[in-house]
Structure formats: structure tokens, C-alpha cells
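Peer 1: sequence first, then the predicted structure, then my questions.
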Amino acid sequence: MRLACAPALLLLLLSQRSLSSPTTYFAGDSAAFSYEGRWDTSSSNYRTDWPCARVSFGVSPPPEGGEVAIEWAAMRTRVNATAWKEDGTIASTSIFTSSTMGRRLKKQTDTLSIPADAVMVTFRKLTQGAPFGGGIGESLLTSSQMTLNSVSSDSVRVTPPPTRKLTIEYIGASDTAGYCVDGTPDIDDTAELYLSGWKYDNCDLATPGLLAHSLDANLHVEAEGGFGLTQNANAKHRSFEGPHPLPYFWHNQTLLTDPNPPWDSSLSSTPDLVLISLGGNDFNHQKGRVPSDEDFSAAYADFLLSIFSEYGSDVKIMGVCGQGSPAEAEFDPDNNRCSPCPHVEAATAAFKGAHPELAARVGYVNVPCDGSVVVGDEDIGCAGHKNQLGQHEVFSYISPAVESFLSS
């Protein structure tokens, strides 16, 4: 009797197996993935430490929906994994966190639900690269890094993502990196802020992420709290933020916290627009030890010329300054975000006067600090920095200026 049933049982098992979908697997270097920002591509598991670095891929789920498994490795990192509908609204979203505290990235696999109406998934790093500062803190406590290892699914078809309309690059310091966007003032001056402050970074809901979403743009961000154009915050104590201001890393390094591999701009798409929000840390947090207008203007001009040399004369560059509130001086008397703006504006005007052939490609927007944009009450997160509301206020203010500049 058992012998007679064996062939029928085997056929039943085979038929059931044929009804299930095989698992499809995509390694990190798959052509199905689109990478934004600076990534170390020397292995199949691409690596980054910059905030707002993102991976995108298209999805085609079955009528009942499905899910994808994302294997990644990281330390001290949060990511926003989001499934998007065709109209640009969110179908599902999850925040994944790696709290690994050592010096090695730890692998983990997280699952994202893919509703039937989803067409694309994005996987964006929320955390800035050196959460303990770019100097001795980074050396002793290390950085925030991540890799994307693979995406797999037995129900959702993975495809290349839709092509975006533009590419923008945003260069800046803590506000650009999304520092303390998810924080609250009640953690100020606590161990939680100093040891776990990276958990409150959110570049996705900072001005760069909001602007890129509104413009349907790819986004490259090079930003780190405390960094400047000519000098970093507290420059007298170089051990705090390190000896090199941000342009050094823009010129030389793929990653902020690892000198290797050196940066190769041919690996990245040329931006249509570069926004620069630097100068605040050159003039604030310095106890009066600030650059002269001549030195700052010369450094600003050198950086702009480097960008034009790298990307060509068709790229547009816009400086962004201000973004503060009247309450800032109460929190830190040496931190007035608008005090550097006359210097930045003067440097912009000097560059346009010295290079009339490029003048139309250079813009500037000043975000007032008088309470008309950022109020300083419900819109402040931790450490005197803007929360999600405050960042959205700045985005809403500069967005018309950016769109006008792009169309000019």
C-alpha cells in the first residue's frame, strides 16, 4: 500500500513546490540598484558613511502585496526604508537601526512590507558619519557606516528604479546633515545626547531630503556637524572636529571617516545644482578667532572654482545661509546662524564680480533668523538644532528660490 502511494505523494509534493515562487536574490552591486551619494564600490557590498546616502530599486509586487528582505551591515546607523506609490506618496515605511558599538559592521536582515500599489523602494541613511565629532571622538569611538549586502524576495519582482528628473548635491554642516532633527530639548546636556545622539539624526527630514523629494531629484550630501569652509567649530582645539574643513573631504575622500578609497568623481552623476551651506562654523564657536573677509572670500572662490572645474560650467551653485531663530543666542551666545551671512553674501558677490562669465550660474539665499521662518519654540529639537518642523520651515522658505534659480 505504501509503495502504491509513493508516486502520487511525490507528484503532489512536486506540484506544490512548483506553485511557490523561487526566491530572487540581488547582490549589492546589482544593476537593479541606483546609488545616491558617495559610496565605496571596491567590493560588491557598497559602503558609505555620509548622511542621506540612498539606494533605490523598483518593485513589482503581486496583487496581494509582498515583502522584501534587506541584508545590510552597519554600526551606529539608522536607515529609513520606504516603499513608494507611483504618485510619490508613501505606501509603507520602516526605520531600521543598527546599534552595534564596535569597530566592525554587523550584518542584519530586515523585512519591508511591499503593498500592491508600490512601485519603488528607497533605503536611506539618516545618520551623519562621525557622530562623536570628526576629531578624537571619531578616532576613539569610531564612525557610523553601513553597507547594502543584498535584497531578496520570493513574491516581489525587483527592477531598476524610475529615473529622476534632476540631481542635486548639498554640502554643509549639522543642519544639512539632519543633526537632532528627531530629538527634543529635554535630552540637552545629558549622556543620552553625547553617547547616543546619532539616534536623533534624520537627514531624510532635513532640508536636503525634503528638497530632493519635492524636485524628484537624486541627492548627494556631504555634510558633518561642526565642519566649516576655512576652519571647523572650536578650531583652537583641533582634536574636537579634526584639522580639515569640509572642502578637504569633498576633494579627496569617498568617505568622511576613511581616507580610502580616494574620491573618483567619475563614479557619480554630475549634479544640476550644488547647494553650499558653509560658513556658520567658521564664524561661530570660535571665541572671536574668525577668518578675515579677504581670507574667507578667497576660500569661497577657490571652492566654487573647484566645483565648476569638477562638474563643468553648466552646473549651478547656490549658497544658503542663516536658518536660525531668535532663541539661539539664549542657548549658545556664540552661535548666531545669521552672523556669518554678511561674509557669505560678500564672498558670493566678490566671486560674481571676479568671474562675470559664471555670475549667472551662482546664486545665494539668506534665511532670516528673526523668527519669521524658524520661531525657536516648537520647531527646535535637541542641542539648539531644528526638529522636523523647523527643517520643513527652512525648506518651505528656500524652495521657491531654488526652483526659480533652476529655471533661470
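Peer 2: Alright, I've got the coordinates. Please read all numbers here as calculations on a predicted model, not as lab measurements.
Peer 1: all helices of the protein, in order?
Peer 2: Assigned by DSSP state H, the chain shows helices spanning 2-19, 136-141, 174-177, 191-196, 207-215, 238-241, 246-252, 280-283, 293-311, 328-331, 341-354, 388-407.
Peer 1: and the fourth one, how far from the chain's centre?
Peer 2: Its chain's C-alpha centre lies 21 Å from the corresponding centre of helix 191-196 when counted by C-alpha atoms, centre = their mean, to the nearest Å.
Peer 1: can you offset everything so residue one is 18?
Peer 2: Understood, numbering begins at 18; the last thing we discussed is helix 208-213.
Peer 1: what does it contact?
Peer 2: 200, 204, 217, 399, 400 (C-beta atoms under 8 Å, 6 or more residues apart in numbering). C-beta here means a position set from N, CA and C on the backbone, and glycine is covered the same way.
Peer 1: dump these to CSV, plus pLDDT.
Peer 2: What follows is the contacts of helix 208-213, written out as CSV (pLDDT from 0 to 100):
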residue, pLDDT
200, 97
204, 95
217, 98
399, 94
400, 92
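Peer 1: mind putting the residues you listed into TSV with neighbour count?
Peer 2: Listed next are the contacts of helix 208-213 as TSV, based on neighbours: other C-beta atoms under 10 Å:
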residue	neighbour count
200	22
204	19
217	25
399	22
400	21
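Peer 1: out of the residues you listed, which comes closest to residue 105?
Peer 2: For the contacts of helix 208-213, the residue nearest residue 105 by C-beta to C-beta is residue 217; the value is 26.6 Å.
Peer 1: excluding covalently adjacent residues, which one is nearest to that closest one?
Peer 2: Once flanking residues are discounted, residue 217 sits nearest to residue 200: 3.6 Å by C-beta to C-beta, 6 or more residues apart in numbering.
Peer 1: related to what we said a few turns ago, quick one: closest of the helices of the chain to residue 337.
Peer 2: helix 405-424 (6.3 Å).
Peer 1: report how many residues lie close to residue 44.
Peer 2: Residues contacting residue 44 under the criterion other C-beta atoms under 10 Å number 16.
Peer 1: look up how far residue 76 lies from the spatially most central residue of the chain.
Peer 2: In the chain, the C-alpha nearest the mean C-alpha coordinate belongs to residue 69, at 1.8 Å (C-alpha atoms, centre = their mean). Note on residue 69: its distance to residue 76, by C-beta to C-beta, to the nearest Å, is 21 Å.
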